[in-house]
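[1] Just a sequence and a predicted model for now, questions to come.
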Amino acid sequence: MHARDPRVLFLAEAFTRPKLMRYLAKTGFTQSYTYFTWRNTKTELTEYLTELTATGVREYLRPNLFANTPDILHEYLQHGGRAAFETRLLLAATLGASYGIYSGFELAENRAWRPGSEEYADSEKYDVKQRSLDGPLLPLVQALNRARRAEPALQRVDNLRWLETENDALVAYAKDDVVCVVNVDPFSEQAGVCVIPVSLGFPPAFAAHELLSGAEFTWRAGRNYVQLPPGKAHIVKVTA
């Protein structure tokens with residue numbers, strides 16, 4: 001199939017062990033589902049993405065970060081309100097080379113079948129639903145997709161570099177000249193610092209263009225104070 005048309009993509013819809021996921025990638029699947037849905041804390045995210053982007057793996061395994069699926073409504077989304085959906089969308093769109101959301105995510109649908117279940121109460125596996133594209137999260141989806149098209153660095157995983165924040169509720173990382181800081185606490189505003197190491201090669205003081213809001217401010221190599229409400233993030237382009 002690839003010999004006839006290399007543009008065809010194959011997605012391995014398999015939540016399985018890392019060894020088998022790597023095997024599927026080597027046999028020709030273009031992308032694979034991941035455990036991103038179950039990785040919500042700073043520690044979980046850094047450990048898992050470090051595993052996916054390790055040398056010797058990233059050369060052939062291309063992960064797709066789905067924020068939800070027809071079968072998986074994680075408790076983070078069930079209990080975190082709209083801010084939880086915004087956070088997961090921001091992380092998926094900026095951490096991975098490709099990402100996905102399943103129908104209903106844009107509406108922040110969070111009702112589970114029963115307590116402790118990850119099944120949707122009104123799953124499309126069993127019901128035919130008529131939907132219109134008017135969900136409250138769609139403007140954020142559009143803004144993130146515009147940012148991804150404008151900044152190719154966001155479409156890669158091999159350039160991911162984690163940054164210090166000194167606050168476990170703030171997750172920060174750089175992809176070339178794009179810096180992201182995300183509040184992963186869906187309930188509370190969080191403040192801390194984002195440490196920009198000199199090794200990134202940015203000027204001592206540089207203009208930071210916010211890709212979502214269009215705001216302009218100045219950051220510096222070293223410690224930068226950050227304060228973010230629930231469900232919010234800085235996604236900044238470093239300019240001279």
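    That came through fine. Given the structure is predicted, the values throughout are model-derived calculations rather than measurements.
[2] pLDDT score assigned to the residue most central in space within the chain?
    Centroid check for the chain by C-alpha atoms, centre = their mean gives residue 92 as the closest residue, at 1.8 Å. In the prediction, the pLDDT value recorded for residue 92 is 97.
[3] and it, what does it touch?
    36, 65, 66, 67, 99, 100, 101 (C-beta atoms under 8 Å, 6 or more residues apart in numbering). Every C-beta, even on glycine, is put in place using the N, C-alpha and C of the backbone.
[4] from these, which is closest to residue 160?
    residue 65 (11.9 Å; C-beta to C-beta).
[5] about what we covered before: what would the contacts of residue 92 look like in CSV with neighbour count?
    Output for those, formatted as CSV (neighbours: other C-beta atoms under 10 Å):
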residue, neighbour count
36, 24
65, 25
66, 23
67, 23
99, 22
100, 18
101, 20
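[6] okay if I get these as JSON lines plus secondary structure, pLDDT and distance to residue 82?
    Compiled in JSON lines, these are given as follows (DSSP: H, G, I helix; E, B strand; the rest coil; pLDDT from 0 to 100; distance: C-beta to C-beta, whole Å):
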{"residue": "36", "secondary structure": "helix", "pLDDT": "94", "distance to residue 82": "20"}
{"residue": "65", "secondary structure": "strand", "pLDDT": "94", "distance to residue 82": "20"}
{"residue": "66", "secondary structure": "strand", "pLDDT": "93", "distance to residue 82": "19"}
{"residue": "67", "secondary structure": "coil", "pLDDT": "95", "distance to residue 82": "13"}
{"residue": "99", "secondary structure": "strand", "pLDDT": "95", "distance to residue 82": "18"}
{"residue": "100", "secondary structure": "strand", "pLDDT": "93", "distance to residue 82": "19"}
{"residue": "101", "secondary structure": "coil", "pLDDT": "94", "distance to residue 82": "14"}
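[7] Tell me the one of those residues nearest residue 88?
    Within the contacts of residue 92, the smallest distance to residue 88 is 4.4 Å, found for residue 67 (C-beta to C-beta).
[8] host element of residue 171?
    Assigned by DSSP states H and E, residue 171 belongs to strand 170-175.
[9] gap between the two ends of stretch 152-168?
    Using C-alpha to C-alpha, to the nearest Å, the end-to-end distance of stretch 152-168 comes out at 28 Å.
[10] pLDDT on it, on average?
    95.
[11] what comes up buried for that stretch?
    Neighbour-count burial for stretch 152-168, counted by 16 or more other C-beta atoms under 10 Å, picks out 153, 154, 157, 159, 160, 163, 165, 167.
[12] Same question for the second one, what's its three-state structure.
    Here residue 154 is recorded as helix under DSSP: H, G, I helix; E, B strand; the rest coil.
[13] burial count for the closest residue to it other than its chain neighbours?
    Spatially, and ignoring its direct neighbours in sequence, residue 154 is nearest to residue 148 (4.7 Å; C-beta to C-beta, 6 or more residues apart in numbering). By other C-beta atoms under 10 Å, 19 other residues sit near residue 148.
[14] you'd agree residue 148 is up against residue 155?
    Yes: at 5.9 Å, residue 148 and residue 155 qualify as touching, with contact defined as C-beta atoms under 8 Å.
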